[in-house]
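Undergrad: Predicted coordinates and the sequence they were generated for:
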Amino acid sequence: MSNFAINLFAFILVLGFLIFAHEAGHFFMAKLFKVRVLVFSFGFGKRLFGFQRGDTDYRVSLIPLGGYVRMAGDTPDEGGPIAVTGSPDEFLSKPKWQRFVILFAGPAMNILIAILFVAAVNLMGTQYQLIRPVISEVTPKGAAARAGLQTGDLIVRIGNEPINDYDDLKLAISMNAETPLRVEYMRDGQLRTTIMKPERVNSDFGPVGRAGITPRLDPTVGRVIEGSPAWKAGIRSGDRVVSVNGQPINDLNALNKVLVKQPDAPLTLELVRGTTRYVVNLPATKFDERNPYRGFFPPVELRKLSVGGALKESVRQNWKMLRYTFNAIGRIFRAEGSVRELSGPIDIARISGEMFRQGWVALILLMAMISLQLGVMNLLPIPVLDGGHIAVLLVEGVVRRDLSLRTKERIQQLGFAMLAALMIVVLYHDVVKNVTRLGQG
């Protein structure tokens with residue numbers, strides 16, 4: 001199957017499921033409060049098939065990117081005002097607190113999915129390479145170099161975020177392009193601070209921050225594939241690589257540099273096992289980015305938590321991602337960021353396809369991240385979105401009277417115009433960015 005087909009399939013799978021789940025949240029709460037639901041559709045556009053049960057038309061529609069719920073009393077007639085008759089089973093006839101719960105249920109479903117998906121991964125267990133946030137190399141004239149960071153520095157905090165491993169460090173930097181960051185680090189046993197401003201660069205996942213930092217990679221051998229060139233050469237788990245082609249090393253970055261320059265060339269490695277040193281020769285072979293060391297891998301840890309621990313860790317991870325999401329939104333409003341940092345449909349499809357090719361764990365984690373952002377974005381007080389409807393309800397509660405239908409229509413029209421303009425800008429940058437990317441190969 002071509003990359004395009006995989007990307008399209010993964011895109012439909014990811015967004016289709018998450019938006020459908022969002023609408024299902026509205027649907028179940030509407031049913032709970034006895035609101036007459038006219039349509040519950042999987043997909044948008046022309047009705048393909050379905051069935052009628054009670055007042056509800058359960059249908060499958062042409063475009064499989066999510067779905068929608070249409071409730072009595074909250075449905076614009078074609079070209080006319082909102083159809084409201086005052087019937088007790090209409091949405092607008094229900095008490096404000098019930099309408100609030102129905103509106104909130106969609107975003108809540110997305111947030112719940114994010115928590116459950118990450119918890120499921122933590123519960124089943126995942127292997128990961130633990131990389132300490134210790135600097136191995138600093139790119140000359142890069143953001144880290146300008147901030148005075150050096151080889152051997154241990155990063156302990158960026159802003160208000162503690163840094164426990166290199167993934168934490170990478171996330172904090174990538175999410176804060178062109179933003180001054182307060183960095184706390186250990187050097188020679190002393191805690192020091194500096195200000196670092198990551199540079200904005202274009203990556204396969206959109207504009208991100210870069211600091212010019214290379215982490216220190218443990219040169220100890222973890223798993224060795226039986227029958228691989230490394231296995232046949234005698235390399236075993238626990239061995240430590242101390243030189244590459246005669247050059248001493250203290251981390252795997254030196255080996256990575258050799259592989260970048262000559263990915264298919266023979267390799268001579270010196271290793272230590274206990275008190276014994278020995279030399280092996282790995283024959284020339286076609287480079288495989290998923291198996292760059294020709295059969296051996298760095299050590300990994302299995303993280304598998306209990307149900308309670310998995311849920312607690314999931315909440316922590318999602319809360320952390322939520323803080324970064326609000327930080328990204330704030331950067332745009334402060335003119336420190338740009339709408340070009342937002343991912344459009346082409347980017348989302350490409351990233352979804354890549355995660356799909358990496359395996360179900362990567363795809364599930366991507367879905368959790370997108371689901372969290374869908375839930376949060378829909379709670380923003382923007383007309384048309386759930387948060388806009390909730391904001392209107394709160395205003396009506398404060399002034400103790402309902403706004404007129406005409407006023408609500410005008411608010412919705414304004415919100416639609418704002419979102420349409422934003423979507424056009426995001427789509428434009430999405431197309432330009434990916435056309436440029438294809439042109440560069």
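TA: Yep, it's here.

Undergrad: what's near enough to touch N256?
TA: Contact analysis of N256 by C-beta atoms under 8 Å, 6 or more residues apart in numbering lists 217, 292. Using the backbone N, CA and C atoms, a C-beta is placed for each residue, glycine as well.

Undergrad: any idea which element it lies in?
TA: Using DSSP states H and E, N256 maps to helix 253-261.

Undergrad: again, but for A284
TA: With DSSP H and E as the test, A284 turns up in no helix or strand.

Undergrad: number of nearby residues for it?
TA: 13 (other C-beta atoms under 10 Å).

Undergrad: Return the set of buried residues in stretch 257-272.
TA: Neighbour-count burial for stretch 257-272, counted by 16 or more other C-beta atoms under 10 Å, picks out 259, 267, 269-272.

Undergrad: To clarify, my last question referred to stretch 238-245.
TA: Using 16+ other C-beta under 10 Å as the burial criterion, the residues of stretch 238-245 that qualify are 239, 241, 243-244.

Undergrad: Contacts made by that stretch with the rest, please.
TA: 219-221, 248-249, 252, 254-255, 258, 267-273, 277.

Undergrad: Who are the contact partners of the one residue sitting closest to the centre of the chain?
TA: Centroid check for the chain by C-alpha atoms, centre = their mean gives M369 as the closest residue, at 4.1 Å. For M369, the contacting residues are 114, 321, by C-beta under 8 Å, 6+ apart.

Undergrad: tell me the SS of it?
TA: helix (DSSP: H, G, I helix; E, B strand; the rest coil).

Undergrad: Mind pulling up the pLDDT for it?
TA: Note for M369: predicted pLDDT of 90.

Undergrad: gap between it and D55?
TA: 37 Å (C-beta to C-beta, to the nearest Å).

Undergrad: and what of T285?
TA: T285 is 65 Å from D55, by C-beta to C-beta.

Undergrad: neighbour-wise, which of these two wins?
TA: T285 (16 against 12).

Undergrad: Do I have it right that that one meets A265?
TA: No: using C-beta atoms under 8 Å, T285 is not in contact with A265, being 9.4 Å away.

Undergrad: and stretch 217-231, C-alpha only, in CSV?
TA: The C-alpha trace of stretch 217-231 is given here as CSV (Å, rounded to 0.1, in the frame of the first residue of the first chain):
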residue,chain,number,x,y,z
LEU,A,217,23.6,8.3,24.7
ASP,A,218,24.7,5.3,26.8
PRO,A,219,27.0,3.1,24.7
THR,A,220,26.0,0.0,26.6
VAL,A,221,24.5,-2.8,24.5
GLY,A,222,21.0,-3.8,25.3
ARG,A,223,19.1,-6.3,23.1
VAL,A,224,21.0,-8.2,20.4
ILE,A,225,19.0,-9.8,17.5
GLU,A,226,20.0,-13.4,17.2
GLY,A,227,21.5,-14.2,13.8
SER,A,228,22.2,-10.5,13.0
PRO,A,229,25.7,-9.2,12.1
ALA,A,230,26.2,-8.0,15.6
TRP,A,231,25.2,-11.4,17.1
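
Undergrad: Including secondary structure and distance to P298, could the buried residues of stretch 238-245 go into JSON lines?
TA: Below are the buried residues of stretch 238-245 laid out as JSON lines (DSSP: H, G, I helix; E, B strand; the rest coil; distance: C-beta to C-beta, whole Å):
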{"residue": "D239", "secondary structure": "coil", "distance to P298": "12"}
{"residue": "V241", "secondary structure": "strand", "distance to P298": "10"}
{"residue": "S243", "secondary structure": "strand", "distance to P298": "17"}
{"residue": "V244", "secondary structure": "strand", "distance to P298": "15"}
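
Undergrad: Same list (these) but as a markdown table, adding pLDDT and distance to K197.
TA: A markdown table is the format used below for the buried residues of stretch 238-245 (pLDDT from 0 to 100; distance: C-beta to C-beta, whole Å):
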| residue | pLDDT | distance to K197 |
| --- | --- | --- |
| D239 | 94 | 41 |
| V241 | 93 | 35 |
| S243 | 93 | 37 |
| V244 | 92 | 34 |
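
Undergrad: Enumerate every residue touching G50.
TA: G50 is in contact with 41, 57-60, counting by C-beta under 8 Å, 6+ apart.

Undergrad: switch the cut-off to 10 Å
TA: 39-42, 56-61 (C-beta atoms under 10 Å, 6 or more residues apart in numbering).

Undergrad: Over to D402?
TA: 92, 96, 392-393, 395-396, 408.

Undergrad: where exactly do the strands run in the stretch 51-200 of the chain?
TA: Applying DSSP state E, counting those that start in this stretch to the stretch 51-200 of the chain gives strands spanning 56-71, 126-128, 135-138, 154-158, 161-162, 181-187, 190-196, 199-203.
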